[in-house]
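Colleague: Here's my sequence, what's the structure:
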Amino acid sequence: MDNNVDIIGIGGAGGLLASTLIRGNLPPRIIARGATLSRLRDTGLTIVTERHRSLFAPLSCSALEELQALAPIVCIATKSYDIPTLLEALTPKISDETLFIVIQNGFAAYDMVSSTFGHDRTAMGVLYIGAQIISPAVIDIKPGIAQLFLPSTYHRRLEHLVDALENSGMEAALVDDIERRMWMKQLFLVPFAIVNTEMREPIGKVREDTAARLRWGKIATEMAAIASACGVSMPEDPAAASLAVAERFDPQADASFARDIWANRPHEADALFGPPLQRAAAHGVPCPLLQEAYERYSKL
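Modeller: Here you go, the predicted structure:
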């Protein structure tokens, strides 16, 4: 059968999607590089959940430069800071039927991909997951929340992908309010990233700390004010709504942003905090806590 789905990037998001699609009888082609590609070819993809290991092999996998053409559906699951270079490499490999699903934290990656290839071939994906890379092609997926929302605009083209994910037990849906869904994710993710990074404690400890919850809620309130100024409806109590999502995560989960900061790795401060701040400035919305975090971490 011809390949129908490509996944670019096998971190937490890519690993979850790839393994779930395999279980749902829609095996993707995985596009990777370096040690990750070598491991995928030699051993396969390993998913660890609560100390149980599942090995997915053999796999369809390739380096991007080896491909002549992309699949009709391309899930981009790399870090946002890799997007500009990636877009240059993707350009000669797209066709009239290529549809990109952009699965990153925040609006930056979607903005970049859609400005390059057009809104008509770029779908925003909103993914909730607790996961991290243990080693190349070995992904630890935390139990608890695993959701993917995609725009109903592309119902005809994405229905089979959503069906495959749901058949494997993942919550997936085509929705008509994808931009609001992304803002709702940012309502949770931005406070989580900032407070988790500062405390150096997993989400379970953050949830139990009174001062941390208060700070979390204030950041969530800033994010809701920006979204509202952009014409997107937000909960009446954004702090409570944001913390309610936190309750659904495994207590040991950390934000990928926090792990990158702690390890002195490249991080997504610009991508995560920059677009909301740009929108806040355009609408005259004050957000001192978000601005403080951006200034602190974007310099690292």
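Colleague: Show the subsequent helix or strand relative to the strand or helix carrying Leu189.
Modeller: Assigned by DSSP states H and E, Leu189 belongs to helix 178-199. The helix or strand immediately downstream of helix 178-199 is helix 203-208, counting by DSSP H and E.
Colleague: So what touches that following helix?
Modeller: Contacts to helix 203-208, defined as CB atoms under 8 Å, 6 or more residues apart in numbering, come from residues 192, 195-196, 199, 212-213, 216, 243, 246-247, 249-254. C-beta coordinates here come from the backbone N, C-alpha and C atoms, glycine included.
Colleague: what about 6 Å?
Modeller: By CB atoms under 6 Å, 6 or more residues apart in numbering, the surrounding residues in contact with helix 203-208 are Val195, Asn196, Met199, Ala212, Ala246, Phe249, Pro251, Ala253.
Colleague: Buried among those residues? Need that as a selection in PyMOL.
Modeller: Only the buried members of these end up in this PyMOL selection, burial being decided by 16 or more other CB atoms under 10 Å:
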select buried, resi 195+196+199+212+246+249+253
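Colleague: quick one: which of the contacts of helix 203-208 is nearest Ile47?
Modeller: Nearest to Ile47 out of the contacts of helix 203-208 is Ala253 (CB to CB; 15.9 Å).
Colleague: any chance of the contacts of helix 203-208 in CSV, plus pLDDT and distance to Gly144?
Modeller: Below are these laid out as CSV (pLDDT from 0 to 100; distance: CB to CB, whole Å):
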residue, pLDDT, distance to Gly144
Val195, 98, 19
Asn196, 98, 16
Met199, 97, 20
Ala212, 97, 19
Ala246, 93, 11
Phe249, 89, 5
Pro251, 92, 9
Ala253, 90, 8
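Colleague: Ala282: which of the contacts of helix 203-208 is nearest?
Modeller: Within the contacts of helix 203-208, proximity to Ala282 (CB to CB) peaks at Val195, which comes in at 26.2 Å.
Colleague: Which stretches in this protein count as helices?
Modeller: Assigned by DSSP state H, the chain shows helices spanning 12-23, 34-42, 83-90, 108-117, 155-167, 178-199, 203-208, 210-229, 238-246, 256-262, 269-283, 288-297.
Colleague: and these as JSON lines, adding distance to Asn3?
Modeller: Shown next, in JSON lines, are the helices of the chain (distance: least, CB to CB, whole Å):
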{"stretch": "helix 12-23", "distance to Asn3": "11"}
{"stretch": "helix 34-42", "distance to Asn3": "15"}
{"stretch": "helix 83-90", "distance to Asn3": "16"}
{"stretch": "helix 108-117", "distance to Asn3": "20"}
{"stretch": "helix 155-167", "distance to Asn3": "13"}
{"stretch": "helix 178-199", "distance to Asn3": "26"}
{"stretch": "helix 203-208", "distance to Asn3": "36"}
{"stretch": "helix 210-229", "distance to Asn3": "37"}
{"stretch": "helix 238-246", "distance to Asn3": "34"}
{"stretch": "helix 256-262", "distance to Asn3": "28"}
{"stretch": "helix 269-283", "distance to Asn3": "29"}
{"stretch": "helix 288-297", "distance to Asn3": "38"}
